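> Have a look at this prediction, sequence included:
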Amino acid sequence: MKYLSEFRNPEAAQNLALKIKEVTKRNWTIMEVCGGQTHSILKYNIDELLPDKIRLIHGPGCPVCVTSLEMIDKAIEIASQPDVIFTSFGDMLRVPGSKLDLLSVKANGGDVRMVYSPLDAVKIAQSNPDKKVVFFAVGFETTAPANGMSVLRAKELGLKNYSILCSHVLVPPAIEALMSGFNSSINGFLAAGHVCTVMGYEEYLPLAEKYKIPIVVTGFEPIDILQGILKCVTLLEEGKNIVENQYSRVVRKEGNLAAKEVIKKVFEITDRKWRGIGLIPKSGLKLKDEFSDFDAEKIFDIKNLQVDEPEVCIAGEVLQGLKLPIECPAFGKECTPENPLGAPMVSSEGACAAYFHYKKVKIN
Ligand code: SF4
């Protein structure tokens, strides 16, 4: 297949759905890790094409959603300071911190700017030598290479006014945390294709073996997802706990070696707190000491904030696949995309936003 239309072909989708029905003999719960896949599943009604025996649950693969409340509050504190230009991808601007969001800082006169690439933030730093320019570096392994490149570029240019607020998270430790929980009902995973484009899938091999689960690296179009589910169910029915690659047009086992090299050069593994989930050991990236001049947390000496999630928001359970967004009492009532109480309703990859936009849910 070469064209997007082929990956959205209704007839091909129906054929795959029939094949899935044929191979499914028992009940299986499959988690798609990535929020982009969640949006495709709901947008194209893929869940409704599947037999009742297959339950899809949504995972923690939304980078905006899992950025901790403390980190958002740190971003807000830095962005509120004079002589700072705070830059971020658009999604992060509306994510509520414990009191404000970054857009409110902007409305109150802060210089908060949306950028499409961290290298744009470096350019802003070049043209504003009298300002401190900070980029909010969030995301999984997918965005880490570009964010790392921005640090290398700033160093190469000799910039003293560029830094990143680093909040990177890693997928394999999250899978480990989900599987080692007492109440995990997950039988198999669809792994996020774009993360594996960078990292490959070698890291998934020991996880599949240790937790006796098939993991299928899967893309984002409807046909990708149906093929990923078909592969996963087939492996489950055959009792095979291995890793397979549905997204072979993009993903290689070893990943993108140049991108991995940048990550290795700039970052090191650290424990990371995930919003709504808590601390997951060795699940994040932080800047290496040799790049501490570019570390906003060190430059701005932000205190270690401790804040509690709003009680009404069950995002932690949603992100772990324990509850569906529609089971949240605030869904579609107090919490909507215009007035979000939690990150999964703000983010373009958030599960709550996906249900809000694509599911015809009756709200009482
Ligand atoms: S619907 Fe809103 S309040 Fe409920 S879990 Fe989602 S983001 Fe949180």
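On my side now, so go ahead. Note that this is a predicted model, so its numbers are computed, not measured.

> which ones are touching residue 56?
When contacts are counted by Cβ atoms under 8 Å, 6 or more residues apart in numbering, residue 56 is found next to 29, 30, 31, 32, 41, 46, 47, 50, 229. C-beta here means a position set from N, CA and C on the backbone, and glycine is covered the same way.

> buried set for the strand or helix carrying the last one?
This means residue 229. Secondary structure assignment for residue 229, by DSSP states H and E: helix 222-238. Neighbour counts over helix 222-238 (16 or more other Cβ atoms under 10 Å) mark 222-236 as buried.

> Now flag whichever of the residues you listed is closest to the ligand.
Taking Cβ to the nearest ligand atom as the measure, the ligand sits nearest to residue 225 out of those, at 22.3 Å.

> pLDDT wise, what is that closest one at?
Residue-level confidence at residue 225 comes out at 97, pLDDT.

> packing partners for the helix holding residue 229?
Contact analysis of helix 222-238 by 3 or more Cβ pairs under 8 Å, 6 or more residues apart in numbering; DSSP states H and E lists helix 4-7, helix 10-23, strand 28-34, helix 35-43, helix 46-49, strand 54-61, strand 188-192, strand 215-218 as its packing neighbours.

> Looking at those, which is nearest to the ligand?
Ranking the helices and strands packed on helix 222-238 by proximity to the ligand (Cβ to the nearest ligand atom) places strand 54-61 first, at 11.2 Å.

> The closest one near the ligand at all?
No. Strand 54-61 does not reach the ligand (Cβ under 6 Å from any ligand atom); its nearest approach is 11.2 Å.

> Residue 273 is in contact with residue 70, isn't it?
Yes. With contact taken as Cβ atoms under 8 Å, residue 273 and residue 70 are classed as touching, separated by 6.7 Å.

> re earlier: got the angle for the helix holding residue 229 vs strand 188-192?
What separates the directions of helix 222-238 and strand 188-192 is an angle of 150 degrees, with axes from the mean of the first three to the mean of the last three Cα atoms, to 10 degrees.

> Contacts only, for the closest residue to residue 200 other than its chain neighbours.
Distances taken as Cβ to Cβ, 6 or more residues apart in numbering put residue 255 closest to residue 200, at 3.0 Å, once the chain neighbours are dropped. Residues in contact with residue 255, defined by Cβ under 8 Å, 6+ apart, are 196, 197, 198, 199, 200, 201, 202.

> List the buried residues of stretch 273-290.
Within stretch 273-290, the residues scored as buried using 16+ other Cβ under 10 Å are 273, 274, 275, 276, 277, 280, 283, 284, 285, 286, 287.

> Oops, could you answer that again for stretch 152-166 instead?
By neighbour count on 16+ other Cβ under 10 Å, the buried set for stretch 152-166 is 153, 154, 159, 161, 162, 163, 164, 165, 166.

> residue boundaries of the strands in the stretch 51-200 of the chain?
Secondary structure of the stretch 51-200 of the chain by DSSP state E, counting those that start in this stretch: the strands cover 54-61, 84-88, 111-114, 132-139, 162-169, 188-192.

> Now that we have these, can you turn them into TSV and tack on distance to residue 349 and mean pLDDT?
Shown next, in TSV, are the strands of the stretch 51-200 of the chain (distance: least, Cβ to Cβ, whole Å; pLDDT from 0 to 100):
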stretch	distance to residue 349	mean pLDDT
strand 54-61	7	93
strand 84-88	15	98
strand 111-114	17	98
strand 132-139	10	97
strand 162-169	13	97
strand 188-192	10	97
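
> How about the residues of the stretch 201-350 of the chain by the ligand?
Along the stretch 201-350 of the chain, the residues adjacent to the ligand under the rule Cβ under 6 Å from any ligand atom are 312-315, 318, 325, 328, 330-331, 335, 341-342, 344-345.

> Checking my notes, residue 316 in a helix, right?
Yes. The assignment for residue 316, made by DSSP: H, G, I helix; E, B strand; the rest coil, places it in a helix.

> Surely it touches residue 273?
No. Because the distance of 11.5 Å does not satisfy Cβ under 8 Å, residue 316 is recorded as not touching residue 273.

> For residue 65, grab the count of nearby residues.
Using other Cβ atoms under 10 Å as the criterion, residue 65 is surrounded by 29 other residues.

> Pull up the per-residue confidence for the residue nearest to it when sequence neighbours are not counted.
Closest residue to residue 65 in three dimensions, ignoring its sequence neighbours and counting by Cβ to Cβ, 6+ apart: residue 343, at 4.2 Å. In the predicted model, residue 343 carries a pLDDT score of 88.

> ok, now residue 183?
According to the per-residue confidence, residue 183 scores 67 in pLDDT.

> rewinding a little: tell me the contacts of the residue nearest to residue 65?
Residues in contact with residue 343 (Cβ under 8 Å, 6+ apart) are 62, 64, 65, 66, 67, 95, 96, 275, 315, 350.

> The first one: how many residues sit nearby?
Put plainly, it is residue 62. Per other Cβ under 10 Å, the neighbour tally for residue 62 reads 32.

> what's the neighbour count on the closest residue to it other than its chain neighbours?
The shortest distance from residue 62 to any residue other than its chain neighbours is 3.4 Å, reached at residue 35 (Cβ to Cβ, 6+ apart). The criterion is other Cβ under 10 Å. On that basis, residue 35 has 27 neighbouring residues.
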